[in-house]
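1. got a predicted structure here, sequence first:
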Amino acid sequence: MATNDNKFQAIVSHCKEYGFIFQSSEIYDGLAAVYDYGQWGSELKKNIRDYWWKSMTQMHENIVGIDAAIFMHPTTWKASGHVDNFSDPMIDNKDSNKRYRVDHLIEAHADILEKEGKKAEADALLATMEALLGKDDLAGLKTLIEDNKIKCTVSGTSNWTDVRQFNLMFSTQLGSVADEASEIYLRPETAQGIFVNFLNVQKTGRMKIPFGIAQIGKAFRNEIVARQFVFRMREFEQMEMQFFIRPGTEDQWYEYWKAERLKWHLSLGISPERYRYHDHVKLAHYAKAACDIEYEFPIGFKEVEGIHSRGDFDLTQHQTYSKKKMQYFDAEINQNYVPYVIETSIGLDRTVLLILSEAYVEEDLSTPEKQDSRVVLKFPPKLAPIKLAILPLTKKDGLPEIGRQIMNDCKSSFYCFYEEKDAIGKRYRRMDAIGTPFCVTVDHQTKEDNTVTIRYRDTMQQERIPINKILEIVQKQII
Ligand code: ATP
């Protein structure tokens, strides 16, 4: 069994070997922190995306979805504060030229202190860091690093540059003339596409407050330190929902969405012990309150989702910059106001990694007679890339024809996979490694009594069922 430390590496290798996730442009030695989803990864990602979309829109009468463009008018990012504020403090080690995000560098040092049994010291260090970050005290952060004798992991020295802010937005030119006016950004979050469409959706959808707008799409950030596989990417996908509310009700809705979003995670069958809330002390420029939902990845507890109480910051800013009224007339109280917003923002790629981390199991199946093991991805069936594998025992005697018929009967209902090559045991293991919850085997008995063997991935139990029950059995498990 892989230890927690190397489980992460094992997942990365498994993703590559079984067609889930590849390094982007691998034949040219790859592009840092950019990844491509392969045949099963893209299917897994699509299933997570669909599950979120359905639970947000279809299951909430007062939430609708949109799909805004990645390119937006450049003033959007001035208004949102991203041009001036969307930056992370960073520091370089002069000997190794390695660049660190200051908070990551200090947190790593706090981890070491904690492992050495100096928990109080670690907590004090983190509290001081949060306070300095809150005041944007860059000189103070450098002093904190120096006072704690924090060293670069590459050079082993404490020869640091000053702490500087580093803007994370990618820019490019729109059209053929490269001047300042044509500079636009790749969106660093999907939220602003929702805010600029607030009036369009509210009016055309005749939405009444409280209501939400959901969106899924790509976002781009020039992350300073982009390691850790799909946890931190430069091109990634977000699933965001902005919930528009009456001012004064924000605390109640903030608590509501904190609880509601955690429930969504738990609905995937993941144990509550794997989650925790982390309330922010340092708030982003737009936030009145913010917390992260953290999941215990093999690399430790890390943010997977943020819940933010944004007040009327965004709509007011867009109102100021666009000179268009971003107001709502609330007939119940006979008042016009700029609505307040509660945001839920979850990274799709981080959720893919979460689901993979949760599902990945190395099982020892050895008996006194024989050493054996398997790697199995125990995905919740509704998220599994392939739901049903159809495996004729042999390539002859009419068994493939029966298998093909089952495939034809089931494939419009869920993703099926047909395979007749290799020994059956080998085929089962391949399906375990991809996370297929059900395999049916067609054998000679099938020809006599129209039954097949169904094998369950997690228990490896097998049972005989009539062919005409397959669809129903699988469908029941994947809702
Ligand atoms: P972090 O502190 O890890 O950089 P953040 O607080 O900047 O994240 P938000 O701006 O709140 O993140 O974005 C919402 C969600 O988008 C995050 O919870 C995360 O799941 C996802 N996300 C943000 N940045 C990245 C990234 N570089 N790669 C993959 N997912 C990301």
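-> Nice, I can see it.
2. look up phi and psi at the residue in the stretch 51-200 of the chain positioned nearest to the ligand.
-> Closest residue of the stretch 51-200 of the chain to the ligand, C-beta to the nearest ligand atom: residue 189 (5.9 Å). In this view, the C-beta of every residue, glycine as well, is placed from N, C-alpha and C. Main-chain torsions, residue 189, degrees, to the nearest 10: phi -160, psi 160.
3. which residue does the chain bring closest to the ligand?
-> Nearest residue of the chain to the ligand: residue 347, at 2.4 Å (C-beta to the nearest ligand atom).
4. and the stretch 251-400 of the chain, which of its residues are near the ligand?
-> 303-306, 345-347, 349-350 (C-beta under 6 Å from any ligand atom).
5. for the host helix or strand of residue 473, buried residues please.
-> For residue 473, the element it lies in under DSSP states H and E is helix 470-477. Applying a neighbour-count criterion of 16 or more other C-beta atoms under 10 Å, one finds 470, 474 buried in helix 470-477.
6. what is that helix packed up against?
-> Here helix 470-477 touches helix 399-410, strand 438-442, strand 451-456, going by 3 or more C-beta pairs under 8 Å, 6 or more residues apart in numbering; DSSP states H and E.
7. just send those back as TSV, with mean neighbour count and mean pLDDT too.
-> Shown next, in TSV, are the helices and strands packed on helix 470-477 (neighbours: other C-beta atoms under 10 Å; pLDDT from 0 to 100):
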stretch	mean neighbour count	mean pLDDT
helix 399-410	17	97
strand 438-442	24	98
strand 451-456	20	98
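8. okay, now the closest residue to residue 316 other than its chain neighbours: neighbour count?
-> Of all residues not flanking residue 316 in the chain, residue 338 sits nearest, at 5.4 Å (C-beta to C-beta, 6 or more residues apart in numbering). Using other C-beta atoms under 10 Å, residue 338 is surrounded by 20 other residues.
9. likewise residue 208?
-> 13.
10. next, the contact list for it, please.
-> Going by C-beta atoms under 8 Å, 6 or more residues apart in numbering, residue 208 touches residue 62.
11. quick one: pLDDT of it?
-> We note a pLDDT of 97 for residue 208 in this prediction.
12. sorry, back to before: could you dump the helices and strands packed on helix 470-477 to a markdown table with distance to residue 101?
-> Output for those, formatted as a markdown table (distance: least, C-beta to C-beta, whole Å):
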| stretch | distance to residue 101 |
| --- | --- |
| helix 399-410 | 48 |
| strand 438-442 | 44 |
| strand 451-456 | 44 |
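13. out of these, which is closest to residue 207?
-> Distance to residue 207, taken as C-beta to C-beta, is lowest for helix 399-410 among the helices and strands packed on helix 470-477, at 39.2 Å.
14. next, the angle helix 470-477 makes with the closest one.
-> Helix 399-410 runs at 50 degrees relative to helix 470-477, counting by axes from the mean of the first three to the mean of the last three C-alpha atoms, to 10 degrees.
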